[in-house]
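>>> Could you look at this predicted model? Sequence included:
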Amino acid sequence: MTMGKATGRPHAAMYLLAHAVVLQAITFAMRPTVSYAVLDVGGSQALLGVVVAAFAVPALILALPAGHVIDRTGERASLLAGAAALVMAALLAIFGGGSVGVLLLATMFLGIGHLLSVIGEQAIVANTTSRGQYDSKFGHFTFASALGQTIGPLLLALPGGTPETPPVAVIFVVCGALGAVLLGISFLVPGSVRHAAAAGERVRMLPAAAGLLRTPGLVRALVAGSLVLASVDLFLAYLPALGHQRGIAAVVVSAMLVARSMFSMFSRLFLGPMVRLLGRRRLMVWTIGVSAAALLLFALPLHIAVLLALAAVYGFAIGTCQPITMSWIAELATPGTRGLAMSLRLASNRLGQTVLPSLLGALSAATGAADVFVATGIMLAGGAWSGAAVGHAQSAEEDGDDEPARA
């Protein structure tokens, strides 16, 4: 499994995939553990919203500057800085875990470290992959990320806690050790060759970003990607609420969440062949549409077995959508601007993850969790419309790549 124009190291792709697994394992272990720690020191549930914002806001502020710097200096510095920020987050949580303020600061470092690492990883994939291979390579990359997101929460089951609270201090120590491992892997991940238009030149960030946004199809790809990712967050947040309202056992809700995660991972292994069979635009539109239909059906009083099957269908379809939007944005961006393009994608995703759940949370309070699934399904239908227009906005040569025989 090579990354196209990799820098010549035979294990370059494996180092990058290992980096993605460890990064997501740290992030998805620390985020819920910080929430437990905040509650453990007397913080209110309302304060957890501030914790979520402390993680997301750095991405909104720093995403564009980070992507711009990566385009000019390379990805390795971003990976190293991101790993160092994650180590700092763990150290703050270990030694200052008794203070809500310190825990919020640790969450900010966690968000910064995650941001710098993810943009660096995605820029490497975008810059070292040959045209026509983006779907396969981003499929493998997002599979590794999903694997880390599955491993991370398992740390909550480490011994030493209580029935209500996991062993917070132990998890923070493990995350600190994993952060040190991530720092070591960051030294081994080879960056891409700098593009002549980006390396060393004084390119202004905002004009470069504005130029990218004028690229035909890019804004629609960003919109589709942000809606897809926001739907995953809403599914994770409101499936337990739906289960509580309908008297569905927590173990069944857990099984639905696991089915969603596992089928998302499974779909990414076959992304390349599916794109070659159906074409990228057709596959993206259909999978977003299927995701929307599955969420709409969740609002109906269906049998538990049907809901479990719908969770699997939603997981497979939504797992296909995410890497497709990554690969499409990578192809729409020109060499030397792909780090900035990936940072635009991350910023738009964070904006969607911040604004949409807040709006639909108010809907849930007024009408119930089922209506959130209806609203999210309708929102995804809009994402399918946006995705359908991406291919038509490209040039005839680029649009030809969307045909199954040539994808």
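Perfect, I can see it now. Numbers count the residues shown, from 1 in each chain.
>>> where along the stretch 151-300 of the chain do the helices fall?
Secondary structure of the stretch 151-300 of the chain by DSSP state H, counting those that start in this stretch: the helices cover 168-188, 205-213, 218-246, 250-269, 271-278, 280-298.
>>> can you check the stretch 1-150 of the chain too?
According to DSSP H, counting those that start in this stretch, the helices that the stretch 1-150 of the chain contains are 12-40, 47-73, 76-96, 100-127, 134-151.
>>> what's the weakest-modelled helix or strand in this structure?
Here the helix or strand of the chain ranked lowest by mean pLDDT, DSSP states H and E is helix 396-400, holding a mean of 39.
>>> Could you export stretch 93-109 as CSV, CA atoms only?
Extracted C-alpha coordinates of stretch 93-109, given in CSV (Å, rounded to 0.1, in the frame of the first residue of the first chain):
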residue,chain,number,x,y,z
ALA,A,93,-4.8,16.8,32.6
ILE,A,94,-2.5,14.6,34.7
PHE,A,95,-1.1,17.3,36.9
GLY,A,96,-4.0,19.8,36.9
GLY,A,97,-7.0,17.5,36.6
GLY,A,98,-8.5,18.8,39.8
SER,A,99,-9.1,22.2,38.3
VAL,A,100,-11.9,22.9,35.7
GLY,A,101,-9.8,25.7,34.2
VAL,A,102,-6.8,23.5,33.7
LEU,A,103,-9.0,20.8,32.1
LEU,A,104,-10.4,23.4,29.7
LEU,A,105,-6.8,24.4,28.8
ALA,A,106,-5.9,20.8,28.3
THR,A,107,-8.9,20.5,26.0
MET,A,108,-7.7,23.5,24.0
PHE,A,109,-4.2,21.9,23.6
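>>> Mind listing what's buried along that stretch?
Neighbour-count burial for stretch 93-109, with 16 or more other C-beta atoms under 10 Å as criterion, is recorded at 93-94, 97, 100, 102-109. Bear in mind the C-beta positions are built from the backbone N, C-alpha and C, glycine included.
>>> Determine which stretch of the helices of the stretch 151-300 of the chain is the most buried.
helix 280-298 (a mean of 23; mean count of other C-beta atoms under 10 Å).
>>> Quick one: list the elements packing against that helix.
Under the contact criterion of 3 or more C-beta pairs under 8 Å, 6 or more residues apart in numbering; DSSP states H and E, helix 280-298 touches helix 218-246, helix 271-278, helix 304-332, helix 369-392.
>>> related to what we said a few turns ago, output the helices of the stretch 151-300 of the chain in JSON lines; the columns should cover distance to Gly382.
Listed next are the helices of the stretch 151-300 of the chain as JSON lines, based on distance: least, C-beta to C-beta, whole Å:
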{"stretch": "helix 168-188", "distance to Gly382": "37"}
{"stretch": "helix 205-213", "distance to Gly382": "19"}
{"stretch": "helix 218-246", "distance to Gly382": "7"}
{"stretch": "helix 250-269", "distance to Gly382": "21"}
{"stretch": "helix 271-278", "distance to Gly382": "21"}
{"stretch": "helix 280-298", "distance to Gly382": "9"}
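>>> how does the protein divide into domains?
The chain breaks down into these domains under automatic domain parsing: 12-190, 211-400.
>>> can you tell me which of the ones you listed the model trusts least?
When these are ranked by mean pLDDT, domain 211-400 comes last with a mean of 77.
>>> so how far is stretch 67-81 off the chain centroid?
Put simply, stretch 67-81 sits 19 Å off its chain's centre (C-alpha atoms, centre = their mean, to the nearest Å).
>>> Could I get the contacting residues of the nearest residue to Ala255 once chain neighbours are set aside?
Nearest non-adjacent residue to Ala255, counting by C-beta to C-beta, 6 or more residues apart in numbering: Leu308, 6.3 Å away. Residues near Leu308 by C-beta atoms under 8 Å, 6 or more residues apart in numbering: 252, 255-256, 259.
>>> let's see 10 Å
Listed by C-beta atoms under 10 Å, 6 or more residues apart in numbering, the contact set of Leu308 reads 252, 255-256, 258-260, 302.
>>> Please convert these to JSON lines, extending it with distance to Ser343.
Output for those, formatted as JSON lines (distance: C-beta to C-beta, whole Å):
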{"residue": "Val252", "distance to Ser343": "39"}
{"residue": "Ala255", "distance to Ser343": "36"}
{"residue": "Met256", "distance to Ser343": "33"}
{"residue": "Val258", "distance to Ser343": "32"}
{"residue": "Ala259", "distance to Ser343": "32"}
{"residue": "Arg260", "distance to Ser343": "27"}
{"residue": "Leu302", "distance to Ser343": "40"}
